[in-house]
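> whatever this is, show me its structure:
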Amino acid sequence: MSAAEVAENIIQMDDDKGNHDVNGKAPPRKRRRIVISCTECHRRKQKCDRKIPCTNCVSRNKEASCQYETGTPFSKTDRKGTSQSGTDRSPESIETIPIKTADFGYSSNGASTLGILRKIEGDGERLPGMPTDSFDPGNYGMRERYKALIRQLPARTYVEKLAELYFQDINWQYFSIDEPVFRGLMEQWYSMPFNVLSTSGPQALDPMLRSFPALLFQMLAASLLYLPEGSEEMYESLKYTSNMTFEDLAFDYSESGVSILSLLGKRQMSIITVLAGWVRASFLKYTGMVTEAWHQVGTSIRDAQEIGLHRDQNDPQPSPEDSTEQALEKMWMAQSRRRVWMTLLGWDLHTGAVLGRPTSVDFRLVNRSLPVDSLIPKDTRKSPIMQRGENDPPTPLTRALWSWEVMRPLRDILDLEKEGPFPKDFSKVERIHQELLDLQARTPPPFRLQNPDTRFDDLPECRWLPFVRPTLPQLISFDIMALHRPYVFTRVTSRHEALKASLDMLEAQKTYFSLLKQQQYKTFTLFFGTFDAVIMIASIYILFPREHTELLPTARQHFAWAIERFELMANRNRLAEAALGVLRAIYIRFKKAIGYNCVKAMSDVGCSSTSSSGASGSSSDMQTPNSILESSSQKPSNSSNTAASVMMPTKTERGESVSSSTGLTPASGADNNMFANADWAFPTDFDFSSITPMYPLGDIAYNDLTAIPGGDVTSTTWPETFSSTTASSSGLAASIPANSAGEEQPAAWQFGGEFGNDTLWNILNQFPTY
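The predicted structure follows:
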């Protein structure tokens, strides 16, 4: 609490005491507080250090707006009551002289209120226990705490090796950290004299350098999770206990980075503060802590807004007084700020769509320019910003810009989703769908999965290109899945498009998985892309097994590959391990649904013959990821097998009719409905539009979705296991034994979690698995 605030509180207490002695009189009006902060700090409600310009205005590039309503800050008066105007002193002396408490018309003797205030701010002793909120460089506690945290950094040799690993294997994925800027800051950090921290503390450092250790800790934590095979022994000396794992050490480093940011607070933040928070979010997502990562992204966005990353006018602008090198450096810094803001928006938008959570920012309401697709030089002070040409090799920034272009339609998709399963104008859905197809056709040649331009693959700076080709198509596939997600239960066309997009997603996932090493199995994209697509495919075939029979062999094959990938990832990927039980439960229902379908509707498209009671036949059409899906290539689909679109009859509970032109799903238990068979009498007036859209990953992260064994069930035939898995597997296939006909079936698996009655999981729990 500042001296002016203490004075105000004490004066108010004195006035209130006097009011009790006078009966019947209204209390006096509160005195108007004297504004001693600059106009910008007062407007933003921040602590002002009264410098000219103040530090807050300097950090936000607002030096020209730093003005004081009360005039230039005055120096402290001497003991005779005389004072000197700040105009008679040099700026250096003004910055180091504290503000004298105003007299407020009170006596200045030691027993008065003013005397107490002068003891607080003057040369006299401070009152014991009086708190202070100033960011004091001489604060011993904060200085020692900061030193204790940075002591946990490993030796510079290890830091440089892990940083190199980060830029080689991680940074290209989002390209938010400028390697030349990082190298420059690291050189400054290790060139800093020890007495700066031991005597002055972190406040004596530049704001970017002050928070640099926090970014360093987060990068080291991420790199420890990407250690190549055979390199672990090199870093064994970093562990400080015998049974410590590198993941434990990574969490220690990440928490140290968080502690540094918490110690420094929210004043005088810089772009390094934002980057440290963002790398922390990526670390949390990489380790399966999706909820915590989502909240950290929101925090980083608010920090970015605090330092003005969301507006062009807050970018550094070259001035006529700047030299050429200074002007170029400011221009490149503006590009870096735009790139960081674009990355944060992309994460916010995409993760919100995946989890079913509202986004923090609507980018359409913010006027922000995108960075220029240019080759970033090692020395930004000597190279101008030049647009990359078509014949120039692509950069990670090229990939980031195209990713943002692909994710932009998600904003309109999320807005359309708010209208529910029956939007006012379905032409909007068709228009967005066509835009996504156009985007897919305009994919830059080096990024295409089919027939790509491979001219640059052998360049060292383009070593990441093969990994990009299977990941970018997944973004468009997810856009299509998200677009049709609200309508898969009410519209045949949406089911067909969502099913095709899910299969495309799984095909890209299979290719991407084959390129990765085991230490990269923690990658978040590997989980979400496979899990969401499998749940979409399974739910469509379980609820509507007589539709899309021509795609069923391919769907079964990708289901098998997805199971195999999750089993291989389970030991390294927490999300994959947690989702195996859910796959177990959905697998049982999927096999029963398509088994019924094989007998009733699609014996001529390559499905194995299965009885309606669940007896399974040959599974020769199921192959491992290393084999070829022969059934789909040797047996072309027959157009007569495609399910016809049917009309949605009148909803009895809503009393409304639906036009047949939209091709909606019937609300009654018609032949198309799997639940209308002899195993279970599905409600004849069930409204499929009452089922909420699916957010499988969001249900795992927020609703604790899991699978639990149910009670005892009657004897029946167990469906065949996928031939791509082995009995020795520790995951899903091993937990589902391939019993012969007539053997006792184990307990039926049900879905558990905090989901409502209107969700897909509750509907599937009603479906008998035996």
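
> need the contact list for Cys38.
Cys38 makes contact with 48, 50, 53-54, 57, 66-68 under the criterion CB atoms under 8 Å, 6 or more residues apart in numbering. Where you see a C-beta, it was placed from the backbone N, CA and C, and this is true even at glycine.

> try 7 Å
Neighbouring residues of Cys38 by CB atoms under 7 Å, 6 or more residues apart in numbering: 48, 54, 57, 66-68.

> residues in contact with stretch 401-410?
Stretch 401-410 has contacts (CB under 7 Å, 6+ apart) with 342, 346, 349-350, 353, 370, 373, 432, 435-436, 439, 444, 447, 472, 475-476, 479, 482.

> from those, list just the buried residues.
342, 346, 349-350, 353, 373, 432, 436, 439, 444, 447, 472, 475-476, 479, 482 (16 or more other CB atoms under 10 Å).

> farthest-apart pair in these, please.
Largest separation among the buried ones among the contacts of stretch 401-410 by CB to CB: Asp373 and Ala482, giving 26.5 Å.

> show me which residues of stretch 221-228 are buried.
Residues of stretch 221-228 classed as buried under the neighbour-count rule (16+ other CB under 10 Å) are 221-227.

> immediately after the longest helix along the chain, which helix or strand?
Ranked by number of residues, the top helix in the chain under DSSP state H is helix 324-355. Where DSSP states H and E defines the elements, the next helix or strand beyond helix 324-355 is helix 396-407.

> hang on, the earlier thing: narrow the contacts of Cys38 to those in strands?
Secondary structure from DSSP state E places none of these in strands.

> which one of these is nearest to Thr554?
Nearest to Thr554, judged by CB to CB, of the contacts of Cys38 is Cys57 at 61.1 Å.

> so what's that closest one up against?
By CB under 7 Å, 6+ apart, the contact set of Cys57 is 38, 40, 63, 65-66.

> how about it, nearest residue that isn't a chain neighbour?
Leaving aside its sequence neighbours, Cys57 sits nearest to Cys66 (CB to CB, 6 or more residues apart in numbering; 3.9 Å).

> surely the one you found and Asn56 touch.
No - counting by CB atoms under 7 Å, Asn56 is not a contact partner of Cys66; they are 8.3 Å apart.

> spit out the residues that contact the two alike.
Common neighbours of Cys66 and Asn56 are not found (criterion: CB under 7 Å, 6+ apart).

> neighbours of Thr241, how many?
Thr241 has 8 neighbours, counted by other CB atoms under 10 Å.

> in helices only, show me the contacts of Cys57.
Among those, the members falling in helices (DSSP H) are Glu40.

> scan the contacts of Cys57 and report the most crowded one.
Cys38 (27 neighbours).

> that one pairs with what?
Tyr68 (DSSP bridges).

> how much space between it and Arg210?
The gap separating Cys38 from Arg210 is 22 Å, by CB to CB, to the nearest Å.

> may I see the buried residues of stretch 376-388?
Here stretch 376-388 shows 376, 380, 385, 388 as buried, counting by 16+ other CB under 10 Å.

> for stretch 140-157, that is, sorry about that
Of the residues in stretch 140-157, 142-143, 146, 149-150, 152-154 count as buried by neighbour count, 16+ other CB under 10 Å.

> stretch 357-368 too?
By 16+ other CB under 10 Å, the buried positions in stretch 357-368 come out as 357, 359-361, 363, 368.

> can you check stretch 569-589 too?
569-570, 572-573, 575-589.

> likewise stretch 512-530?
512-513, 519-530.

> tabulate those in TSV, adding columns for distance to Tyr235.
Shown next, in TSV, are the buried residues of stretch 512-530 (distance: CB to CB, whole Å):
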residue	distance to Tyr235
Tyr512	27
Phe513	26
Gln519	13
Gln520	17
Tyr521	19
Lys522	17
Thr523	21
Phe524	24
Thr525	26
Leu526	24
Phe527	26
Phe528	29
Gly529	30
Thr530	31
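
> just the ones of the residues you listed in helices?
Mapping the buried residues of stretch 512-530 onto helices (DSSP H) picks out 512-513, 524-530.

> can you tell me which of those residues is nearest Asn195?
Phe524 (43.6 Å).

> on that earlier part again, among the buried ones among the contacts of stretch 401-410, which one sits closest to Met192?
Minimum distance to Met192 across these is 31.8 Å, recorded for Met342 (CB to CB).

> just checking, the closest one touches Arg368?
No - with contact defined as CB under 7 Å, Met342 does not reach Arg368; the gap is 8.1 Å.

> picking that back up, show me what contacts the residue nearest to Cys57?
Counted by CB under 7 Å, 6+ apart, Cys66 has contacts 38, 40, 53-54, 57.

> least confident of the contacts of Cys38?
Ranked by pLDDT, the contacts of Cys38 bottom out at Tyr68, which scores 82.

> what about Ser323, neighbour count?
Neighbours around Ser323, by other CB under 10 Å: 10.

> and it, how far from Asp379?
According to CB to CB, Ser323 and Asp379 sit 14 Å apart.

> same check on Gln387?
Relative to Asp379, and taking CB to CB, Gln387 is found at 19 Å.

> likewise for Val196?
According to CB to CB, Val196 stands 26 Å off from Asp379.

> need the contact list for Leu551.
Contact partners of Leu551, counting by CB under 7 Å, 6+ apart, are 499, 503.

> what are the phi and psi values at it?
Torsion angles at Leu551 (phi, psi; degrees, to the nearest 10) stand at phi -100, psi 0.

> which strands and helices sit next to the strand or helix carrying Ala538?
In this structure, Ala538 is located in helix 524-543 according to DSSP H and E. On a contact count with 3 or more CB pairs under 7 Å, 6 or more residues apart in numbering; DSSP states H and E, helix 524-543 meets helix 472-484, helix 492-515, helix 552-569, helix 574-600, helix 696-702.

> now with 6 Å?
Where contact means 3 or more CB pairs under 6 Å, 6 or more residues apart in numbering; DSSP states H and E, helix 524-543 is packed against helix 492-515, helix 552-569, helix 574-600, helix 696-702.

> deepest of those, which one?
Most buried of the helices and strands packed on helix 524-543, by mean neighbour count (mean count of other CB atoms under 10 Å): helix 552-569, with a mean of 24.

> what's the mean pLDDT across that one?
On average, the pLDDT along helix 552-569 is 90.

> what's the angle between it and helix 574-600?
Angle of helix 552-569 versus helix 574-600, following axes from the mean of the first three to the mean of the last three CA atoms, to 10 degrees, is 160 degrees.

> tell me the angle of helix 552-569 relative to helix 524-543?
140 degrees.

> report all helices and strands that helix 552-569 contacts.
Judged by 3+ CB pairs under 6 Å, 6+ apart, the packing partners of helix 552-569 are helix 492-515, helix 524-543, helix 574-600, helix 630-634.

> least confident of those, on average?
Minimum mean pLDDT among the helices and strands packed on helix 552-569: helix 630-634, a mean of 37.

> and stretch 261-280, end to end?
End-to-end distance of stretch 261-280 (CA to CA, to the nearest Å): 11 Å.

> which residues sit against it?
Contacts to stretch 261-280, defined as CB atoms under 6 Å, 6 or more residues apart in numbering, come from residues 55, 59, 145, 207-208, 211-212, 214-215, 218-219, 257, 296, 299-300, 303-304, 307.
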